[in-house]
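Chemist: What shape does this take:
(one chain, ligands or ions: 2)
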Amino acid sequence: MPLNCGIVGLPNVGKSTIFSALTSAKAEAANYPFCTIDPNVGIVAVPDARLTKLSAMFKPKKTVPAIVEFVDIAGLVRGASKGEGLGNQFLSHIREVGMIAHVVRCFEDADIIHVANRVDPADDIEVIHTELALADLDTVDKRVEKLQKQLKVQDAQIKKETERELSALAKIRPALQEGRAARTVSLEADEAEAVKRAFLITMKKELLVCNTDEEGMKAGNAHIEAVRRAASAIGSEAVVICGKFEAELGDLGSEEERREFLAELGLEETGLASLIHAAYRLLGLRTFFTAGEDECRAWTIKAGDRAPQAAGVIHTDFEKGFIKAEIYSYDDLISLGSEKAIKEAGKLRQEGKEYVVQDGDVIFFKFNV
Ligand SMILES: Nc1nc2c(ncn2[C@@H]2O[C@H](COP(=O)(O)OP(=O)(O)OP(=O)(O)O)[C@@H](O)[C@H]2O)c(=O)[nH]1
Ligand SMILES: [Mg+2]
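Modeler: Residues are numbered from 1 along each chain as shown. Ligands and ions are numbered 1, 2, ... in the order given. The predicted structure is shown next:
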């Protein structure tokens, strides 16, 4: 399962513009609130200079980056959870995603309509947070009702699970009523596990994305600062992107031209790259590689995953039949120059089931089928 990320925010803040820039898919972007009705799903390669280097070294037939899926979701307005605007249509689209990228308008432009007629990031963020919390409150109430009915008919084991979930929901409900996210509520480990079944939106991690202009990219502005404060208040981070600029960048032909264009703004990576990298940080994701003459490939795991779980990302049979992993680090490969030199230097390690895979490991799995 790749990381997938839902793009939410008020109408007309530039979600589809950023989505198109990210995916180069043609999501409709128009100066028209609610132009996105069906969710658009786009697959984006995770930019990773290490994979490029591995590929240059192994000259494989195929190079396959890790991917992130982005889902462009229609704008939410105040009252969405009560059916305003496109109402609850957004719910089904957002429930499925692993993470939320919340786009906030941080550019001034009198030609682009703001739903509240003024650019005020703190207030905009609050509107979205309230709507998401209210949508979850609705889910919680429906879920509690259903679970209570089930309690009467279930066997002991399922009953225990149901009780755990109910106890989690009881703790979460008051927070949602105050407009706070479910993730801010402290739960026992077994409650946290049980409540996953409720698919609450505000349980997901949320990255704030400032959509600003070129001036804001260079020098920052008060809007961006406001978003940063809001991000730190929810224990997250804010990424600064210029949607319009990124879209133009995507239209540029060569890598060279793109780099020059970025350098003019004093940037090393595109907004796309910084967004994806921030998402990896927020979710505690790590990358390992498989490298050979057939294929060089980047894979995504969670921090703390052990070798068999990493093998399972490639194929479930690899996890079931896991024997051991032969591992060296990307950094060693670069400093020593070849796999042969790695072996000679004794840097190729044999690791077993307990090994915690590190970011940048290059792995060859041995398994039974
Ligand atoms: N000036 C300026 N305009 C922008 C920027 N980003 C987007 N826009 C414009 O804002 C308008 C709305 O952009 P969209 O990307 O369609 O907005 P959206 O958030 O997807 O809107 P909905 O799908 O209706 O919720 C378009 O006319 C864009 O060209 C920006 O960084 N600066
Ligand atoms: Mg849109």
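Chemist: Just the pLDDT for the residue in the stretch 51-200 of the chain positioned nearest to ligand 1.
Modeler: Using CB to the nearest ligand atom, G75 is the residue of the stretch 51-200 of the chain that sits closest to ligand 1, at 2.5 Å. For glycine as for every other residue, the C-beta is placed from the backbone atoms N, C-alpha and C. Here, the pLDDT recorded for G75 equals 83.
Chemist: which residue packs closest to it, ignoring adjacent ones?
Modeler: Ranked by CB to CB, 6 or more residues apart in numbering and with sequence neighbours excluded, the top spatial neighbour of G75 is P11, at 2.9 Å.
Chemist: Tell me if I'm right that the residue of the stretch 51-200 of the chain closest to ligand 1 and N12 touch.
Modeler: Yes - G75 lies in contact with N12 (CB atoms under 8 Å); the separation is 6.5 Å.
Chemist: neighbour count winner among those two?
Modeler: G75 (23 against 20; other CB atoms under 10 Å).
Chemist: Which elements pack onto the longest helix seen in the chain?
Modeler: Longest helix of the chain, by residue count under DSSP state H: helix 121-151. Counting by 3 or more CB pairs under 8 Å, 6 or more residues apart in numbering; DSSP states H and E, the packing neighbours recorded for helix 121-151 are strand 99-105, helix 156-177, helix 222-233.
Chemist: wait, does that helix contact ligand 1?
Modeler: No - using CB under 6 Å from any ligand atom, helix 121-151 stays clear of ligand 1, with a minimum separation of 11.3 Å.
Chemist: Just want the angle from that helix to helix 222-233.
Modeler: On the basis of axes from the mean of the first three to the mean of the last three CA atoms, to 10 degrees, helix 121-151 is oriented at 30 degrees to helix 222-233.
Chemist: Can you point out the buried residues in helix 121-151?
Modeler: Along helix 121-151, the positions that meet the burial threshold by neighbour count (16 or more other CB atoms under 10 Å) are 121, 124-125, 127-137, 139-140, 143-144, 147.
Chemist: Spatially nearest residue to F318 (excluding sequence neighbours)?
Modeler: Nearest non-adjacent residue to F318, counting by CB to CB, 6+ apart: A311, 3.7 Å away.
Chemist: L137 now?
Modeler: L176 (4.3 Å).
Chemist: try V240
Modeler: Going by CB to CB, 6+ apart, V240 has C210 as its nearest residue, at 4.7 Å.
Chemist: Same check on D123?
Modeler: Nearest residue to D123, sequence neighbours excluded (CB to CB, 6+ apart): A116, at 7.3 Å.
Chemist: Tell me, how many residues neighbour that neighbour?
Modeler: The number of residues packed near A116 is 13, by other CB under 10 Å.
Chemist: can you confirm it is in a strand?
Modeler: No - under the criterion used here (DSSP: H, G, I helix; E, B strand; the rest coil), A116 is coil, not part of a strand.
Chemist: Distance-wise, check it relative to ligand 2.
Modeler: With distances taken as CB to the ion, to the nearest Å, A116 is found 17 Å from ligand 2.
Chemist: Then I94?
Modeler: The gap separating I94 from ligand 2 is 14 Å, by CB to the ion.
Chemist: ok but the residue nearest to V240 is inside a strand, no?
Modeler: Yes - assessed by three-state DSSP, C210 belongs to a strand.
Chemist: List the buried residues for stretch 281-293?
Modeler: Using 16+ other CB under 10 Å as the burial criterion, the residues of stretch 281-293 that qualify are 282-283, 285-291.
Chemist: Out of those, which sit inside helices?
Modeler: Members of the buried residues of stretch 281-293 lying in helices (criterion: DSSP H): 282-283.
Chemist: closest to ligand 1 among the buried residues of stretch 281-293?
Modeler: For these, the minimum distance to ligand 1 (CB to the nearest ligand atom) is 21.4 Å, reached by L282.
Chemist: For V115, the count of nearby residues, please.
Modeler: Residue crowding around V115 was assessed by other CB under 10 Å; the count is 18.
Chemist: That one and G9 touch, don't they?
Modeler: No - in terms of CB under 8 Å, V115 does not count as a neighbour of G9; the distance is 10.5 Å.
Chemist: what's the overlap in contacts for those two?
Modeler: Residues within reach of V115 and of G9 at once, by CB atoms under 8 Å, 6 or more residues apart in numbering, are G75.
Chemist: ok now stretch 247-259, how far from the chain's centre?
Modeler: Relative to its parent chain, stretch 247-259 has a centroid offset of 24 Å by CA atoms, centre = their mean, to the nearest Å.
Chemist: That stretch and ligand 1 in contact?
Modeler: No - for a cut-off given as CB under 6 Å from any ligand atom, stretch 247-259 has no contacts with ligand 1; the smallest distance is 8.0 Å.
Chemist: so does that stretch get close to ligand 2?
Modeler: No - Stretch 247-259 lies apart from ligand 2 when judged by CB under 5 Å from the ion; the minimum separation is 12.9 Å.
Chemist: ok, and for that stretch, which residues are buried?
Modeler: In terms of neighbour count (16+ other CB under 10 Å), stretch 247-259 has its buried residues at 247, 249.
Chemist: Report pLDDT for the residue nearest to V240.
Modeler: C210 is assigned a pLDDT of 95 by the prediction.
Chemist: where's it relative to L137, distance?
Modeler: To L137, C210 is 28 Å away according to CB to CB, to the nearest Å.
Chemist: Please apply the same query to E206.
Modeler: Applying CB to CB, the value for E206 to L137 is 17 Å.
Chemist: so where's the chain shaky on pLDDT?
Modeler: 1, 24-39, 84-90, 253-255 (pLDDT under 70).
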